[in-house]
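**Student:** Mind folding the following:
(chains A and B)
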Amino acid sequence: MKKNSRVGYLFLAPFLIAFVLFLIIPTVTGFYLSLTDYNGMSLSNASFVGLDNYRAIFDSNSYYFKDFWESLIRTLMYVILITPAVIIIPLVLSYVLNTMNAGKRLLKGMFYIPVVLSVSGIATLAGWVFDQKYGLINFVLTSLGFDAVPWLTNPTFAFMAIVVMTIWWTMGGNLIIYIASMQGISTEMYEAADIEGASKVKQFFKITIPSIRPQLAFTIIMSIIASFNIYGQPAVLTGGGPGKSTMSVAMYIRNTAFGSTQAAGMASAMGIFFGIMLIGITYFQFKHVIKEM
Amino acid sequence: MKKYLNAKFIIMFVLALLWIAPLIFMVSTSFDSEIEAIKYPITLIPQDFSLESYKDIFGNSQVPIFTWYYNSLFVSTVQTGLAVIFYSMAGFAFAKLQFKYRDKLFIAIMMTMMIPAIMNLVPLYLVMDKLHLIGSKWAMILPGLSSAFNVFLMRQFFISVPDELMESAYLDGAGYWTIYRRVMLPTVKPALIVVGINTFIGSWNEFLWASTVTNDIAERTLPVGLAVIKGSYGGQFGITLALVIVTIVPTIILYIIFQKYLLEGMNLSSGIK
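**Tutor:** Residues are numbered from 1 along each chain as shown, chains lettered A, B, ... in the order given. Presented below is the predicted three-dimensional model:
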């Protein structure tokens, strides 16, 4: 078929208009806002402050310095604790599920179901599950003779509660991907390994893992991005508390813009700093880590 | 039954039951009386079965649950409808039409996939404010139509449709719109369902943006309404859990009906090498 630019762009138009209006314009505007002291109210009163907002991110005397970096490091902790779990747990589960003849679909469905719930639903449920006095987990613990744990009032436990809740909520997505990709591995490879006397554990590392590398790489990258963007879990379950012990960087940025400080220009700078950092990390993974796998 | 009676299945089944135990006990606790809901032991079958919690939610004028349902349904349905049209048209164009700067434009669009939502939160709010859409459902609907990822998915599907199908329709004198509408769309129906379901559930559960662009209690969607109202029921777990159940019923139903497509969609998204 011949080249026809008019037709091509006509088909593209609806998406392209939305794309420019709600993605390109905001991105460009964000860079501009990050150079102003915009307070979220009136743009005409905002004055140009150059790179002051970015300087404030790196200036240890600034009002934002401590909270921003602490929330960023905390977010990194979320990533470090959540990512391995949402990769390893579903890998092992799907390896076992794929060797089963019956009931696989049922079990898969059961493990997957938390994924379809909203973050506020999950976090509200977790508010009860982790409640110190009436919660499900402390009921089990006290029934077994342990002491009740102050899940949501102790900073470390509250952090762990959010980690556990996020693993529970999101693991199923990766599980589905692994099950499908493991189904594609030919059974002959396993049969040959069986004949040679290789253990199931060895087969897992020597056959299964190498065969699903692309899916593994994809899920690792996506899980890291998702954990960096963690927002709703602390926002709904703990409000970032107790103190600021569970506040993620996304939550801090949103509060900076829409909370009492109303520092929307500053929040834009933080958002761009965080965005560029995240894009850099993802790019690095694509470029180096994934190729090595 | 006999095929289920092996150690592996039983162990895995017990694990899966433990995995969804919070959901099972959530349902049973929502049918407890308000006193029983905050009492140990937590029982699987309510000792004192009661619809108190549900009556409280639906009877409380402070909890405009039907308005939230309407808002959520409106936002998710309209966004899904438009998403299927916009993304399929764009995917068709990028996969099957020849035009200037096509591949450069495609790469440029794909590069935006990595921009995190939080980065554009403030400027997108400003754009919506300029368009006088803050508080309107359109503020929640429109940004969901700019996802590079869905364009990518649709393009992948259209690429797999053989060119001959299109060529022969073209030689028969069909216009581009007819080819798209009558030849292409029916062939990529599974893709439309995948994008549609993903958009609907994503939109139904969306939290960060919806909580930012709505202020009035009557403007909220279900997830935002739930998060806002849960504080005023602090400690009344029968009611908060019943609220969670009321908000998640539609996604659970959709999940059961479209399970096949949903799971397939997850795999398609990961099949990118």
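**Student:** Low-confidence ranges, chain A, go.
**Tutor:** A:1-2, A:290-293 (pLDDT under 70).
**Student:** need the contact list for the residue of it found nearest chain B.
**Tutor:** For chain A and chain B, the shortest gap (C-beta to the nearest C-beta) falls at A:Gly8, measuring 2.8 Å. C-beta coordinates here come from the backbone N, C-alpha and C atoms, glycine included. By C-beta atoms under 8 Å, 6 or more residues apart in numbering or on different chains, the contact set of A:Gly8 is B:93, B:97-100, B:102.
**Student:** Which of those ranks first by neighbour count?
**Tutor:** Ranked by neighbour count (other C-beta atoms under 10 Å in any protein chain shown), these have B:Ala93 at the top, with 29 neighbours.
**Student:** you'd agree it is up against B:Leu105?
**Tutor:** No. Between B:Ala93 and B:Leu105 there is no contact under C-beta atoms under 8 Å: 9.8 Å.
**Student:** neighbours around residue 10, how many?
**Tutor:** Let's take chain A. Neighbours around A:Leu10, by other C-beta under 10 Å: 16.
**Student:** I was after chain B.
**Tutor:** By other C-beta under 10 Å, the residues close to B:Ile10 number 12.
**Student:** And the residue of the stretch 51-200 of chain B closest to chain A?
**Tutor:** B:Phe99 (2.8 Å).
**Student:** Mind pulling up the pLDDT for B:Ala218?
**Tutor:** Note on B:Ala218: pLDDT of 89.
**Student:** how about the nearest residue to A:Gly243 once chain neighbours are set aside, phi and psi?
**Tutor:** Among residues not flanking A:Gly243 along the chain, A:Pro155 sits closest, at 6.3 Å (C-beta to C-beta, 6 or more residues apart in numbering or on different chains). Main-chain dihedrals, A:Pro155, degrees, to the nearest 10: phi -50, psi -50.
**Student:** Pick out the residue in the stretch 151-273 of chain B sitting closest to chain A.
**Tutor:** For the stretch 151-273 of chain B, C-beta to the nearest C-beta, closest residue to chain A: B:Asn205, 3.6 Å.
**Student:** picking up where we left off before, I believe the residue of the stretch 51-200 of chain B closest to chain A is in a strand; please confirm or correct that.
**Tutor:** No. With DSSP: H, G, I helix; E, B strand; the rest coil as the criterion, B:Phe99 is assigned coil and is not in a strand.
**Student:** I'd assumed A:Ser5 was in contact with it.
**Tutor:** Yes. Assessed by C-beta under 8 Å, B:Phe99 is found in contact with A:Ser5 at 4.1 Å.
**Student:** quick one on the thing from earlier: what residues are up against the residue of the stretch 51-200 of chain B closest to chain A?
**Tutor:** B:Phe99 touches A:3-5, A:7-9, B:93, counting by C-beta under 8 Å, 6+ apart.
**Student:** Could you give me the buried positions within the helix or strand encompassing B:Gly196?
**Tutor:** Using DSSP states H and E, B:Gly196 maps to helix B:189-205. Judged by neighbour count using 16 or more other C-beta atoms under 10 Å in any protein chain shown, the buried positions of helix B:189-205 are B:191-205.
**Student:** contact partners of that helix?
**Tutor:** A:116-119, A:121, B:72, B:75-77, B:79-80, B:83-84, B:87-88, B:140-141, B:144, B:150, B:153-154, B:157, B:185, B:221-223, B:250-251, B:254-255, B:258, B:261-262, B:264-265, B:268.
**Student:** Quick check: ChimeraX command selecting the buried ones in those residues.
**Tutor:** Selection of buried members from these for ChimeraX, criterion 16+ other C-beta under 10 Å:
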select /A:116,117,118,119,121 /B:72,75,76,79,80,83,84,87,88,140,141,144,150,153,154,157,185,221,222,223,250,251,254,255,258,261,262,264,265,268
